[in-house]
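*Asks:* What would the 3D arrangement of this be:
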Amino acid sequence: MFTPYDALPPAILTEIADAGLDPATIYTDIVRALAEDLPEGGDDTTSAATIGLDARGLADWAAREPGVVAGLAIAALVFHYVLGDDVEITDRVADGTGVHAGDVVMRVAGPTRGLLTAERTALNFACHLSGVATATSQWVMTLAGTHAKVLDTRKTLPGWRALQKYAVRCGGGVNHRFSLCDMAMVKDNHVIAAGGVVAALDAVRAAYPGLPVEVEVTDLEELRALLDAGCDRILLDNMSTPMMAEAVAINAGRAVLEASGGLSIERAREVGETGVDYISVGALTHSVKVFDIGMDLIEQ
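*Replies:* Presented below is the predicted three-dimensional model:
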């Protein structure tokens, strides 16, 4: 019933790969998502009952609010998975594009039953990823003119990390480490277990020479100790704005400084103006509001 991977349009698979995503993994995600709507042997009962087998339709995908879109290539792939070559997708805007309410971001044409069967799965991908991109873009705009860049975190939906981090990039943000293997990040529990920030830093260096390491500090004494030990990436955790500004002055460019913990977009500007290099925001991925895109059939 559905389209195998090797029969999907190569151009879309290449586009997804060029975006830093694995097309085969995305295909598996789409298969799993459609299986939630159509378990083996199941039918889209509503569409089958109300729409003629030969009916064909054209539908607009339109933004219902301003923001930044992401995941439209994946949404297009959902339609091709359901309908194969019997679907035409036009007027698709590039991921990372800023849009206004009412803007058409994609048009789909094909068998009406198939369009409606694919609709919700395609929208689930695009609306969530556009929500991440939009939220990220708001932080980026708030920090414009400061030195700081917005970072994501590992606080992602299980199985969606690559997709969510892609959407952060679409919104103008920067990806932090992808996994526990990419970088050692020494947090408070590691510090307690190791016996101090410098002891933890030394332990990581001994175990994994050459691996990037970042260490969390909660006060300026720990910061000074790490700078003396040559730590080149330090996370300022839950510090007040004045304390962060003092940390930047003490650091004097020796280490990359990341602000984290309890930060809101209302406070972002003042934190960015302290001179920190990065602001990490878990809310970009763990509790973002979906972006409102609607699919509406056009009467012909």
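*Asks:* rest of the way, CA atoms for contacts and neighbours
*Replies:* OK.
*Asks:* Could you give the separation of stretch 196-214 from the chain centroid?
*Replies:* Stretch 196-214 has its C-alpha centroid displaced from the chain centroid by 29 Å (Cα atoms, centre = their mean, to the nearest Å).
*Asks:* Please apply the same query to stretch 176-188.
*Replies:* On the basis of Cα atoms, centre = their mean, stretch 176-188 sits 17 Å off its chain's mean C-alpha point.
*Asks:* Pull out the buried positions in it.
*Replies:* Buried residues in stretch 176-188, counted by 16 or more other Cα atoms under 10 Å: 176, 177, 183, 184, 185, 186, 187, 188.
*Asks:* Which strand residues bridge the residue lying closest to the last one once chain neighbours are set aside?
*Replies:* Spatial nearest neighbour of residue 188, chain neighbours left out: residue 216 (6.8 Å); criterion: Cα to Cα, 6 or more residues apart in numbering. Counting by DSSP bridges, residue 216 forms beta bridges with residue 235.
*Asks:* Residue 216 reaches residue 234, doesn't it?
*Replies:* Yes: using Cα atoms under 8 Å, residue 216 is in contact with residue 234, at 5.9 Å.
*Asks:* does the residue nearest to the spatial centre of the chain count as helix, strand or coil?
*Replies:* Centroid-nearest residue in the chain: residue 164, 2.4 Å away (criterion: Cα atoms, centre = their mean). Assigned with DSSP: H, G, I helix; E, B strand; the rest coil, residue 164 falls in the helix class.
*Asks:* helix/strand/coil for residue 275?
*Replies:* When classified by three-state DSSP, residue 275 comes out as coil.
*Asks:* list the contacts for it?
*Replies:* 146, 147, 148, 245, 248 (Cα atoms under 8 Å, 6 or more residues apart in numbering).
*Asks:* what would those residues look like in TSV with distance to residue 15, pLDDT and secondary structure?
*Replies:* Converted to TSV, these look like this (distance: Cα to Cα, whole Å; pLDDT from 0 to 100; DSSP: H, G, I helix; E, B strand; the rest coil):
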residue	distance to residue 15	pLDDT	secondary structure
146	33	96	coil
147	32	93	coil
148	30	97	coil
245	42	97	helix
248	41	98	helix
